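> Take this sequence and fold it.
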Amino acid sequence: MTVGAGPWFVAIAMVAVFALLWGGGRLIRGRTDRDKGWLMIIAAAVLLGNVVVMTI
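Residues are numbered from 1 along each chain as shown. Next up is the predicted model:
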């Protein structure tokens, strides 16, 4: 039995972090919806912070 966040949550959250970073980078480089790109990168950082807190 695991304590804290289950491994499935951490795995799904990390996949989401990489997807948000990739999508945000594409939006910023494509010069379309740059604001949305930055918001996606910020959301990835927040989600990564949540994963760090849950695994401690």
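> quick one: average pLDDT of the one helix or strand residue 41 maps to?
For residue 41, the element it lies in under DSSP states H and E is helix 34-55. Mean pLDDT, computed over helix 34-55, is 93.
> With just CA atoms, put it into PDB.
What follows is helix 34-55, C-alpha atoms only, in PDB (Å, rounded to 0.1, in the frame of the first residue of the first chain):
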ATOM      1  CA  ARG A  34       1.700  33.700 -27.200                       C
ATOM      2  CA  ASP A  35      -0.300  34.600 -24.100                       C
ATOM      3  CA  LYS A  36      -1.900  31.200 -24.100                       C
ATOM      4  CA  GLY A  37       1.500  29.600 -24.600                       C
ATOM      5  CA  TRP A  38       2.900  31.300 -21.500                       C
ATOM      6  CA  LEU A  39      -0.200  30.300 -19.500                       C
ATOM      7  CA  MET A  40       0.400  26.700 -20.500                       C
ATOM      8  CA  ILE A  41       4.000  26.900 -19.300                       C
ATOM      9  CA  ILE A  42       2.800  28.400 -16.000                       C
ATOM     10  CA  ALA A  43       0.200  25.700 -15.600                       C
ATOM     11  CA  ALA A  44       2.900  23.100 -16.200                       C
ATOM     12  CA  ALA A  45       5.000  24.600 -13.400                       C
ATOM     13  CA  VAL A  46       2.100  24.700 -11.000                       C
ATOM     14  CA  LEU A  47       1.300  21.000 -11.800                       C
ATOM     15  CA  LEU A  48       4.900  20.000 -11.300                       C
ATOM     16  CA  GLY A  49       4.900  21.800  -8.000                       C
ATOM     17  CA  ASN A  50       1.800  19.800  -7.000                       C
ATOM     18  CA  VAL A  51       3.600  16.600  -7.900                       C
ATOM     19  CA  VAL A  52       6.600  17.500  -5.800                       C
ATOM     20  CA  VAL A  53       4.400  18.400  -2.800                       C
ATOM     21  CA  MET A  54       2.400  15.200  -3.100                       C
ATOM     22  CA  THR A  55       5.400  12.900  -3.300                       C
END
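> what's it packed up against?
Helix 34-55 is packed against helix 7-29, with contacts defined by 3 or more Cβ pairs under 8 Å, 6 or more residues apart in numbering; DSSP states H and E. For the C-beta atoms, the positions are set from N, CA and C on the backbone; glycine is no exception.
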